[in-house]
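K.L.:
A predicted structure for the sequence below; I have some questions about it.
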Amino acid sequence: MRGAKGSPRQPGRREADDERATGGDTESLEYEEDDLPDLIMNIEDDVLDDRENEDAENIGASEDLQVARDSLQNTTESYLKLQQQAKQREQLDCTRFKNTTEHWLHLFCEKYECPSRICDPGWLLFSRSCFLLTNTKLSWEQSKDLCLSKQGYLAIANHDQVQNFLFEQAKEMAYWIGMTDSLTEGNWIWMDGSKVKDGITFWGPGQPDNAWNRTYRTPENCGLMRQRQWFDEACDAKYPAVCEKNAIRLHLIFQRMMRLR
């Protein structure tokens, strides 16, 4: 018992356990504290990475927006340029149109009532054509050239109404008209290449007879109207002529004006 009392005091199991427990707790706390900076840095890195990704996305979106703005600006500039060019062409067309006959016709018809078709001064309107009875006596070929110089052609009277109208205008005078059989004898054709109708009633008695003309020493291969009938005549004979051309259609002029406005 005494020996027991005199022996050095050994730590008890409970203190050892407490120390062990305390030491274990201290070691655990020290580990967690050492890891804390790394944990904070990892969190900061994640936050920075998120911010960098977000900034990159924003930068990409800004670049896309700038590209879209540049494209829109280029498109707008191109459109304005084309619009300006169209306006300049329109002004040029208007300037040219103001110096034409059609412009004066338009101004006239704005003030007065006009027919749907009209003719140049001196020409007579019938149906869809204008007719001019010339005063100069020329050969058939010369008369054809004269009509061409007036933007017309020798008259094509391939309808009864047209021929009767020309008979009324010609009275008793003789005029060249646009038919000939100079290419093939007996095959009478009009200026536009169409064939003179068989059995036409406007030929005079015994016509066409292709008689030999002693004056011009040629056969008679060109068409002449006289005394409300047709005759074949030597093409070198001298007569006035009937020219024909299409009437001016006013509605086309007005449509053109509307397009130029």
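P.N.:
Sure thing, it's come through.

K.L.:
in the sheet, who's paired with residue 153?
P.N.:
Beta-bridge partners of residue 153, counted by DSSP bridges, are residue 244.

K.L.:
Is it in contact with residue 147, as I believe?
P.N.:
Yes - using CB atoms under 8 Å as the test, residue 153 is close enough to residue 147 to be in contact (5.2 Å). All C-beta spots, glycine's among them, are computed from the backbone N, C-alpha and C.

K.L.:
Show me how this structure divides into domains.
P.N.:
Taking automatic domain parsing as the criterion, the chain consists of the domains 14-88, 120-247.

K.L.:
deepest of these, which one?
P.N.:
domain 120-247 (a mean of 17; mean count of other CB atoms under 10 Å).

K.L.:
Residue 134 against residue 142, yeah?
P.N.:
No - between residue 134 and residue 142 no contact is recorded; they are 10.5 Å apart, counting by CB under 8 Å.

K.L.:
so how far is the first residue of stretch 129-138 from its last?
P.N.:
Length of stretch 129-138, first residue to last, CA to CA, to the nearest Å: 23 Å.

K.L.:
all strands of the stretch 151-261 of the chain, in order?
P.N.:
153-154, 175-180, 189-190, 212-213, 218-226, 229-234, 242-246, 248-249 (DSSP state E, counting those that start in this stretch).

K.L.:
got TSV for those, with distance to residue 167 and mean pLDDT too?
P.N.:
Converted to TSV, the strands of the stretch 151-261 of the chain look like this (distance: least, CB to CB, whole Å; pLDDT from 0 to 100):
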stretch	distance to residue 167	mean pLDDT
strand 153-154	16	98
strand 175-180	10	97
strand 189-190	17	95
strand 212-213	24	82
strand 218-226	7	94
strand 229-234	9	95
strand 242-246	11	96
strand 248-249	25	76
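
K.L.:
ok, now how distant is residue 236 from residue 134?
P.N.:
Taking CB to CB, to the nearest Å as the measure, residue 236 falls 17 Å from residue 134.

K.L.:
I'd like to know the average pLDDT value across the helix or strand containing residue 71.
P.N.:
Using DSSP states H and E, residue 71 sits within helix 13-97. Helix 13-97 comes out with an average pLDDT of 64.

K.L.:
Hmm, residue 204 is touching residue 229, no?
P.N.:
Yes - counting by CB under 8 Å, residue 229 is a contact partner of residue 204 at 3.9 Å.

K.L.:
Thank you kindly, that will do.
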